[in-house]
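> Pasting a predicted model and its sequence here:
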Amino acid sequence: MKTAETIKEVRKIVNQWRKEGLTVGLVPTMGFLHEGHESLMKRSLEENDRTVVSIFVNPMQFGKSEDLDSYPRDFEKDSCICQNAGVNLIFHPASEEMYPAQFFTYTDMDILTESLCGSKRPGHFRGVCTVVSKLFHIVSPDRAYFGQKDAQQLAVIKKMVQDLNFDLEVVGCPTVREADGLAKSSRNTYLSPEERKAAGILHQALECARQAISNGEQDIAKLRSDMVQMIESEPLAGIDYVELVDGETLQPLKTLEKPALIAVAVKFGKTRLIDNYIWE
Ligand code: AMP
C-alpha cells in the first residue's frame, strides 16, 4: 500500500494504473475509520482492480461552531485498517494541498441541499460538493463509494455527478450498525456511556416507523409525530429534525410514496447524530 500526500503523487500513481488498463475505485472519508468505512473499501476492492481511500477532514464542510478542531483523528490506526483491508493507495493531503491560499472556486447545489442537514448546516453541502469534485478530478475513479448512512450526501453526490457529467458511477452502500442498531460513526466516540446508551433510540424510532408503514400506516404527520414522541421520551435526546421526504428530490412528502426517506438528526449532549430509513 502506498500513501500520497500530494495531488501530483496521486496522479502519477493513478496514471500508471490507467496505462496498465486497471480500473480504480475511490472511497472518500474523513478518517477515524470503522466497520462502516471498511464495508465501502471491501465493496470497492471487489469491484475494481485498485482502490484509493482518501482521508481528509475537510474544513470547508464544517460550520464555524461545529467540531472541526475536535473531530477525531488517528492516521496510524487508519493506515493499518487500510493496509489490512488491501487498499492500494491512501490519499492524505494537508489542508493547504486541497485549499491553497487564493482558493476561489466552489461546487454548490440547489433544491436537494435545502432540506434536512442542508437547512441545519448552512454551507455544509457546498463544502462536500467542492471537496468531492476535487477528489473526483484528482483520482478520476471509475466508481466512487458512499454510505447510505449519509443519505442526503449520497443523493447530492449522485445528482452532482449527473448534472456536471462526471464520468464515473456512484455506488451507495448499506449502513453498518452496532449490536443495538446505532449506526457506526466516527462521532460515536464523543458519546458518554449514558449518551451512548440513549443513542439507541434513533434506530428504535426508525424501526417503529418502518413497522408502522409495513402495517399500512400512510399518514405522514402521524408517522412523524410518533417518532418525535418516542425520541422525546429519551431525556438525553434533543431533536434537530425528524423528516419524511421524497427519496430522490428530498422535498417534504405530502403522501407516502416510494422511495421515501425517513431521516433523523438528534443531539446527545454536544454530539449530533444522523440516521435514516429508506422505504422503497
Ligand atoms: P465520513 O468519514 O464520516 O465522512 O464517512 C465516509 C464515508 O463512509 C461516507 O460515504 C459515509 O456515508 C460512509 N459511512 C459512514 N458511516 C457509515 C456506516 N455506519 N455504514 C456505512 N457507511 C458509512
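Looks like it arrived, so ask away.
> make it CA atoms for all contacts and neighbour counts henceforth
Will do.
> What is the three-state secondary structure of residue 84?
helix (DSSP: H, G, I helix; E, B strand; the rest coil).
> Alongside the ligand, which residues does this protein contribute?
28-31, 36-37, 146-150, 174-177, 183-185 (CA under 6 Å from any ligand atom).
> What's the PyMOL line that selects buried ones from those?
The PyMOL selection below is limited to those of the residues of the chain next to the ligand classed as buried (16 or more other CA atoms under 10 Å):
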select buried, resi 28+29+30+31+36+37+146+147+148+149+150+175+176+183+184+185
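> Now, the residues of the chain next to the ligand that are in strands?
Judged by DSSP state E, strands contain the following of those: 28, 29, 146, 147.
> Dump stretch 217-229 to PDB, restricted to CA.
The C-alpha coordinates for stretch 217-229 follow below in PDB (Å, rounded to 0.1, in the frame of the first residue of the first chain):
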ATOM      1  CA  GLU A 217     -49.800   3.400   8.100                       C
ATOM      2  CA  GLN A 218     -49.900   6.100   5.400                       C
ATOM      3  CA  ASP A 219     -50.400   9.300   7.500                       C
ATOM      4  CA  ILE A 220     -47.100  11.300   7.200                       C
ATOM      5  CA  ALA A 221     -48.000  13.600  10.200                       C
ATOM      6  CA  LYS A 222     -48.800  10.600  12.400                       C
ATOM      7  CA  LEU A 223     -45.600   8.700  11.400                       C
ATOM      8  CA  ARG A 224     -43.600  11.800  12.200                       C
ATOM      9  CA  SER A 225     -45.300  12.700  15.500                       C
ATOM     10  CA  ASP A 226     -45.000   9.100  16.700                       C
ATOM     11  CA  MET A 227     -41.200   9.200  16.000                       C
ATOM     12  CA  VAL A 228     -40.900  12.600  17.700                       C
ATOM     13  CA  GLN A 229     -42.800  11.400  20.800                       C
END
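> Give me the buried positions along it.
220, 223, 224, 226, 227, 228.
> what's the helix or strand in which the fourth one is found packed up against?
In other words, residue 226. Counting by DSSP states H and E, the element that carries residue 226 is helix 220-232. Here helix 220-232 touches helix 200-214, strand 237-246, going by 3 or more CA pairs under 8 Å, 6 or more residues apart in numbering; DSSP states H and E.
> Determine which stretch of the ones you listed is the most buried.
Mean neighbour counts were compared across the helices and strands packed on helix 220-232 using mean count of other CA atoms under 10 Å; the top stretch is strand 237-246, at a mean of 20.
> Tell me what angle the helix or strand following it forms with helix 220-232.
Heading C-terminal from strand 237-246, the first helix or strand you meet, by DSSP H and E, is strand 260-268. Between strand 260-268 and helix 220-232, the angle comes out at 20 degrees (axes from the mean of the first three to the mean of the last three CA atoms, to 10 degrees).
> After strand 260-268, which helix or strand is next? Please name it.
Using DSSP H and E, the helix or strand that follows strand 260-268 in sequence is strand 271-279.
> who does that following strand pair up with?
Taking DSSP bridges as the criterion, strand 271-279 forms sheet pairs with strand 260-268 (antiparallel).
> Centre of the chain to the strand it pairs with, how far?
Mean-position distance between strand 260-268 and its chain equals 13 Å (CA atoms, centre = their mean, to the nearest Å).
> now what about that strand, what contacts it?
Strand 260-268 is touched from outside by 116-117, 191, 195, 198-199, 202, 206, 236-247, 250, 253, 272-280, with contacts defined as CA atoms under 8 Å, 6 or more residues apart in numbering.
> Repeat the analysis, applying 6 Å as the threshold.
Identification of contacts with strand 260-268 by CA atoms under 6 Å, 6 or more residues apart in numbering yields 195, 236-247, 272-279.
> No more questions from me, cheers.
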